[in-house]
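J.: Sequence plus the predicted model coming up.
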Amino acid sequence: MFNCVLLTVDLNHTASWAKALPQAIELVRASKTKLHIMSVVPDMGTPLVEGFFPDDFEKRAVAAASKALDELVRAEVPADVSVKQHLAFGKIHKQVLKTIEEIECDLVIMASHKPDRVREFLVGSNADRVVRRSPVSVLVVRA
């Protein structure tokens, strides 16, 4: 089936993994492969905004996210599932696409909330950006 499965999660929103994680676990068990779980700490977007944050913000945010990702994996991933964690800082869709290439996965699983037309028009969604640019299949699970 699949050689490598990547699940993306937003550590601040349980909905980003509550339905997607069980599906990812089912697929990696059936494929007898490893589950890669990734979270991205988003950057501030512009130097102007960055100026309002402390100099060590990125370091502290990544450390907190690393701890939260460890706790999620420990609490929610069964012991019989081999898992590797990935944590990045930057633009979410770009970091996901970079990780797809680095780990050579052949399936990405992402949750996406119900579309909001105004929000989609103005900023789009990370799931949409990944789906449009991914070199591999993407399973979008409605949160």
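T.: Looks like it arrived, so ask away.

J.: Quick one: mean pLDDT for stretch 81-97?
T.: In this model, stretch 81-97 carries a mean pLDDT of 95.

J.: got the end-to-end distance for it?
T.: In terms of Cα to Cα, to the nearest Å, the two terminal residues of stretch 81-97 are separated by 24 Å.

J.: Flag every buried residue along that stretch.
T.: 83, 86-88, 91-97 (16 or more other Cβ atoms under 10 Å). Quick note: C-beta positions are derived from backbone N, CA and C, even for glycine.

J.: Put together CSV for these, with secondary structure and distance to Glu58 on each row.
T.: Below are the buried residues of stretch 81-97 laid out as CSV (DSSP: H, G, I helix; E, B strand; the rest coil; distance: Cβ to Cβ, whole Å):
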residue, secondary structure, distance to Glu58
Val83, strand, 25
His86, strand, 17
Leu87, strand, 12
Ala88, strand, 11
Lys91, coil, 14
Ile92, helix, 15
His93, helix, 19
Lys94, helix, 16
Gln95, helix, 13
Val96, helix, 18
Leu97, helix, 20
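
J.: nearest to Met38, of the residues you listed?
T.: Nearest to Met38, judged by Cβ to Cβ, of the buried residues of stretch 81-97 is His86 at 4.1 Å.

J.: Quick check: beta-bridge partners of that closest one?
T.: For His86, the beta-bridge partners under DSSP bridges are Met38.

J.: Next up, the contacts around it.
T.: His86 makes contact with 6, 36-39, 99, 103, according to Cβ atoms under 8 Å, 6 or more residues apart in numbering.

J.: ok, now with 10 Å
T.: Neighbour list for His86: 6-8, 36-40, 69, 95-96, 98-99, 102-103 [criterion: Cβ atoms under 10 Å, 6 or more residues apart in numbering].
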